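In: Give me a model of this one.
(one chain, ligands or ions: 2)
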Amino acid sequence: MLTPLKLLILEDNALDAELEAAQLRAAGYDCDWRRVQTREEFEACLDRPDFELILADYNLPSFDGLSALGLLKERGLEIPFILISGTLGEERAIESVKAGATDYVMKERLERLAPVVTRALNDRVERVKRRAAQQALREANRRLQGLSARLLQVEETERRRIARELHDSVGQLLTAVKLRLAGLNPSSPDYASRRSECVTAIDEALEQVRRMSRDLRPSQLDDLGLMAALRSHLDRQAGSAGFKPNFTHDRVPPCLAPEIETTCFRIAQEALTNIARHAQASEVWVTLAGTEAELRLEVRDNGRGFDVTAARLGAAAGRSMGLLSMEERATLAGGRLVLDSASGHGTRLSLALPFMRTSTGQA
Ligand SMILES: Nc1ncnc2c1ncn2[C@@H]1O[C@H](COP(=O)(O)OP(=O)(O)OP(=O)(O)O)[C@@H](O)[C@H]1O
Ligand SMILES: [Mg+2]
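Out: Ligands and ions are numbered 1, 2, ... in the order given. I've put the predicted structure just below:
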């Protein structure tokens, strides 16, 4: 099986170019090559670089290999460049590699050409892979920074909300009760009804405190486990948003690691909040299932659906937090999260969380 290779050969001697191509063919390359001799021809090729490697003679009648290398670098092209020379001394060879040549080969030792070409091509593949990995890392860092900033902002907003709720609801209720109790006279005729008003106000304050505490950390998650917490959260959301809830489960292990439970619950919580806020759904299905290695969650609604790519771009631009935080939570737990949605066709969120984390984050 021959490996296709598109070559540009800068060489004044047609026979030398033939020999170079023949060496590569013998080593398993199916060479599609083109020979040029002048600066103008070489530059025209650089304008439309449809080749994977350049072999350049060091000395040409009207041009030279090092200037050709300079032109390549000027244009920022990262095509492997191998100098070929009959006269290149050791010093010049080192100088050319310092100038950015990938390697060099002496004409009298042309048998070295194929291994040098193979190494140059492999190095290029590695470089491209490394750059893609670095780019991905930079992207991840950028996202993480954005997320941390949003997280601090959300934390601050949440504190403000809790402070306001404590002050405006619980605080007001308790103040009212205190005033009523202070003015309570056991001998007055409306004593019984005023006392009962106080008890009602205290019940209301208690309910407010319970709701706030449940929102902060559902106690069912600790006391009864993920399944009960999910079911009760779904029912509560269904009650306030007015959709029909459906909860099913299949082979969910009885004891799950707390991190898995929290991740799964928080993602379901955000998905259900999104449904209540945006979906206008009449029915919602939540399924929790265990496989050999993973816990799977599906949250599906029959609401108005949305353009996931556009929403993600909006989230990345800082317009919202929910989608990003769900994805970030899933990634941190070594899991996968997929969102399927289209306008008018509802939304399906599928989450898979590995029971066991490995060092690479895969189950
Ligand atoms: N189930 C859904 N049905 C319809 N639209 C949805 C659904 N889930 C998300 N969306 C759309 O995706 C957008 C982004 O969701 P995301 O959770 O990131 O932001 P948000 O809910 O608007 O704000 P927050 O940052 O408070 O979560 C929403 O504004 C909404 O338009
Ligand atoms: Mg949201």
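In: Quick one: the strands in the stretch 51-200 of the chain, in order.
Out: 53-57, 81-85, 103-106 (DSSP state E, counting those that start in this stretch).
In: Would you mind finding the most buried of those?
Out: The highest mean neighbour count among the strands of the stretch 51-200 of the chain, using mean count of other CB atoms under 10 Å, belongs to strand 53-57: a mean of 25. Using the backbone N, CA and C atoms, a C-beta is placed for each residue, glycine as well.
In: who's in contact with that one?
Out: 5-13, 16, 20, 65, 68-69, 72, 79-85, 113, 117, 120-121 (CB atoms under 8 Å, 6 or more residues apart in numbering).
In: and if you look at stretch 167-175?
Out: Ala201, Ile202, Glu204, Ala205, Gln208, Val209.
In: 10 Å instead, please
Out: 163-166, 200-209, 211-212 (CB atoms under 10 Å, 6 or more residues apart in numbering).
In: And the furthest pair within these?
Out: Within these, Ala163 and Thr200 form the most distant pair, 25.1 Å apart (CB to CB).
In: rewinding a little: please convert the buried members of the contacts of stretch 167-175 into PyMOL selection syntax.
Out: A single PyMOL command selects the buried members of the contacts of stretch 167-175 (16 or more other CB atoms under 10 Å):
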select buried, resi 165+201+205+208
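In: how much space between Glu41 and Phe63?
Out: Using CB to CB, to the nearest Å, Glu41 is found at 9 Å from Phe63.
In: When those two are compared, which one has more neighbours?
Out: Phe63 (21 against 14; other CB atoms under 10 Å).
In: so what pLDDT did that one get?
Out: For Phe63, the model assigns a pLDDT of 93.
In: so how far is Gly76 from it?
Out: 21 Å.
In: Lys6 now?
Out: Taking CB to CB, one finds Lys6 at 19 Å from Gly76.
In: and if you look at Leu55?
Out: Remark: distance between Leu55 and Gly76 (CB to CB) = 21 Å.
In: In space, what's closest to the residue of the chain found nearest ligand 2 - neighbours in sequence excluded?
Out: The minimum distance from the chain to ligand 2, using CB to the ion, falls at Gly322 (2.6 Å). Nearest non-adjacent residue to Gly322, counting by CB to CB, 6 or more residues apart in numbering: Glu270, 4.9 Å away.
In: How about Arg180?
Out: Going by CB to CB, 6+ apart, Arg180 has Cys198 as its nearest residue, at 5.2 Å.
In: quick one, which residue of the chain lies the farthest from its center?
Out: Ser187 (70.0 Å; CA atoms, centre = their mean).
In: what residues does the protein put near ligand 2?
Out: Within reach of ligand 2 by CB under 5 Å from the ion, the chain has these residues: Asn274, Gly322.
In: Tell me the residues of the chain that contact ligand 1?
Out: 274-275, 277-279, 301, 303-306, 311, 315, 320-323, 347 (CB under 6 Å from any ligand atom).
In: Can you list the residue ranges for helices in the stretch 101-250 of the chain?
Out: Per DSSP state H, counting those that start in this stretch, the stretch 101-250 of the chain carries helices over the ranges 113-165, 172-182, 191-216, 219-223, 226-241.
In: List the buried residues in stretch 249-257.
Out: Neighbour-count burial for stretch 249-257, counted by 16+ other CB under 10 Å, picks out Val252, Leu256.
In: Just the buried ones from the contacts of strand 53-57, in PyMOL syntax?
Out: In PyMOL, a selection of the buried entries from these looks like this (16+ other CB under 10 Å):
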select buried, resi 5+7+8+9+10+11+12+16+20+65+68+69+72+79+80+81+82+83+84+85+113+117+120+121
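In: For Arg231, list the residues it contacts.
Out: Taking CB under 10 Å, 6+ apart as the test, what Arg231 contacts is Gln220, Leu224, Pro245, Phe247, His249, Val286, Leu288.
In: Return the member of these nearest to Leu181.
Out: Checking the contacts of Arg231 one by one against Leu181 (CB to CB), the nearest turns out to be Gln220, at 33.9 Å.
In: Just the CA trace of stretch 337-353, in PDB.
Out: Coordinates of each C-alpha in stretch 337-353 appear next as PDB, following Å, rounded to 0.1, in the frame of the first residue of the first chain:
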ATOM      1  CA  LEU A 337     -24.200  15.400  28.800                       C
ATOM      2  CA  VAL A 338     -26.200  15.700  25.600                       C
ATOM      3  CA  LEU A 339     -29.000  18.200  24.900                       C
ATOM      4  CA  ASP A 340     -31.400  17.500  22.000                       C
ATOM      5  CA  SER A 341     -33.900  20.100  21.100                       C
ATOM      6  CA  ALA A 342     -35.600  21.700  18.200                       C
ATOM      7  CA  SER A 343     -38.100  24.500  18.000                       C
ATOM      8  CA  GLY A 344     -41.600  23.000  18.500                       C
ATOM      9  CA  HIS A 345     -40.300  19.500  19.300                       C
ATOM     10  CA  GLY A 346     -39.500  19.600  23.000                       C
ATOM     11  CA  THR A 347     -36.200  19.000  24.700                       C
ATOM     12  CA  ARG A 348     -34.300  15.900  25.800                       C
ATOM     13  CA  LEU A 349     -31.400  16.100  28.200                       C
ATOM     14  CA  SER A 350     -29.400  12.900  28.600                       C
ATOM     15  CA  LEU A 351     -26.700  12.500  31.200                       C
ATOM     16  CA  ALA A 352     -24.400   9.600  31.900                       C
ATOM     17  CA  LEU A 353     -22.200   9.600  35.000                       C
END
